[in-house]
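[1] Model the structure of this input:
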Amino acid sequence: MDSSRQERRRYPRLSVAASTTLRTSRHLRVRLLDLSSNGALLEAPDRLTTGTKGRLRLALGPSTFEASVEVTRQVSTVDGQGRVAGVSLAATAPGQQGILDDFLRRAGS
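    Here you go, the predicted structure:
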């Protein structure tokens with residue numbers, strides 16, 4: 001990705017390397033690259049079209065976090081074999097934001 005792009009994130013992101021699932025109209029195995037309180041960066045084997053909505057589910061320490069997401073951007077990986085997609089967290093069930101915030105707080109300290 002182009003490092004000369006202006007940073008637009010309002011929340012700090014934590015680098016995380018983990019396999020997880022993204023459910024859109026199909027079930028995809030994706031790799032979580034980074035995470036913030038309102039978004040994430042995912043590596044997927046297939047293109048994820050901007051605007052695609054789905055459910056992201058991942059293990060955060062001893063808890064499972066799940067949220068509705070929307071793909072906000074998509075680019076090819078450097079080797080051209082995969083796709084990297086930025087997603088925004090659109091909605092979480094009650095208690096889910098607390099799980100995410102606790103994880104980010106503990107991991108960032």
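
[2] Select the longest strand from this protein.
    If you go by DSSP state E, the chain has its longest strand at strand 63-76.

[3] ok, and for it, which residues are buried?
    Of the residues in strand 63-76, those with enough neighbours to count as buried (16 or more other CB atoms under 10 Å) are 65-71, 74. Glycine gets a C-beta too; all of them are placed from N, C-alpha and C.

[4] Can you tell me what sits against that strand?
    Applying CB atoms under 8 Å, 6 or more residues apart in numbering, the contact partners of strand 63-76 are 1, 22, 39-40, 47-59, 82-93, 96, 99-100, 103.

[5] Which PyMOL command selects the buried ones in these?
    Selecting the buried subset of those in PyMOL, with 16+ other CB under 10 Å as the burial test, is done by:
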select buried, resi 22+39+40+48+52+54+56+58+82+83+84+85+86+87+89+92+96+99+100+103
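
[6] Just the contacts of strand 63-76: which are in helices?
    96, 99-100, 103 (DSSP state H).

[7] Between those, which sits nearest residue 16?
    The shortest distance between residue 16 and any of the ones in helices among the contacts of strand 63-76, using CB to CB, involves residue 103 and amounts to 9.1 Å.

[8] quick one: that closest one and residue 62 touch, right?
    No. Checked against CB atoms under 8 Å, the pair residue 103 and residue 62 is beyond contact range at 9.7 Å.

[9] can you give me the strands in the protein?
    When secondary structure is read from DSSP E, the chain shows strands at 14-23, 27-35, 39-44, 53-60, 63-76, 83-92.

[10] What residues does residue 99 make contact with?
    Contact criterion CB under 8 Å, 6+ apart gives 60, 63-65 as the residues in contact with residue 99.

[11] Now flag whichever of these is closest to residue 30.
    Residue 30 has its nearest neighbour among the contacts of residue 99 in residue 65, at 14.2 Å by CB to CB.
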